[in-house]
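Peer 1: Sequence first, then the predicted structure:
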Amino acid sequence: MKVLNNDKVNIGIGTEVTKLVLNFAFNTMGYHKVYHKVYLRVLEYNKRAINCYEKCGFNREGIDREALMGMEELLGIKYKPVKSNGRNVSYANKSKYTLVFYADDFVIMCNTQKDAEDVYGLLKPYLEKRGLELSKEKQE
């Protein structure tokens, strides 16, 4: 999935947005660094995001290998590196499903109803094994 044009990457937009969000949390909302901690999750292969977050003061505390990790492998989702402009590398999803993680949620986009049913069949036991289940209200 491509979010920005090649001429809009590596110019500090992500760093600036991250700093603005942290400024809002600590200065506008009153979070205090001694009492509150800001956590984020990033996929291990997303080196650009990791560099951005480290520039903004985040420390790497570990690699999250719990809960939903491995879902891409289960669904056969593979990301292939694509050279964009000679110095940057982006990743393209070369599978029939698209998986998007949010803070505590995820969305899987499918092309057909049959694909969605296949994904459901794969995910149900995968999630049950982890004590989780798909929300009926969110299935469309």
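Peer 2: Thanks, I have it.

Peer 1: in the helix or strand where Asp118 lies, what's buried?
Peer 2: Using DSSP states H and E, the element containing Asp118 is helix 113-128. Of the residues in helix 113-128, 116, 119, 122-123 count as buried by neighbour count, 16 or more other Cβ atoms under 10 Å. Bear in mind the C-beta positions are built from the backbone N, C-alpha and C, glycine included.

Peer 1: cool, stretch 102-113 as well?
Peer 2: 108, 110.

Peer 1: From the chain's centroid, how far away is it?
Peer 2: In this view, stretch 102-113 has its centroid 12 Å away from the chain centroid, taken as Cα atoms, centre = their mean, to the nearest Å.

Peer 1: Met69 is in contact with Phe106, correct?
Peer 2: No: Phe106 is beyond contact range of Met69, at 11.4 Å (criterion: Cβ atoms under 8 Å).

Peer 1: In the protein, mark out all the helices, start to finish.
Peer 2: For the chain, helices defined by DSSP state H occupy the ranges 13-23, 47-55, 71-75, 113-128.

Peer 1: Can you tell me which of the ones you listed is nearest to Leu40?
Peer 2: The closest of those to Leu40 is helix 47-55. By Cβ to Cβ, the value is 6.4 Å.

Peer 1: If the residue nearest the centre of the chain is in a bridge, with which residues?
Peer 2: By Cα atoms, centre = their mean, the chain has its centre lying nearest to Phe101, at 4.6 Å. Beta-bridge partners for Phe101, by DSSP bridges, are Phe106.

Peer 1: what residue ranges in this protein score low on pLDDT?
Peer 2: Within the chain, the segments meeting pLDDT under 70 span 1-9, 32-36, 43-45, 62-68, 82-90, 103-104, 138-140.

Peer 1: cutoff 50 now
Peer 2: Applying pLDDT under 50 to the chain flags the ranges 1-2, 65.

Peer 1: count of neighbours near Leu75?
Peer 2: Using other Cβ atoms under 10 Å, Leu75 has 20 neighbouring residues.

Peer 1: Check Asn10 too.
Peer 2: Counted by other Cβ under 10 Å, the residues lying close to Asn10 total 15.

Peer 1: separation between it and Asn23?
Peer 2: 22 Å (Cβ to Cβ, to the nearest Å).
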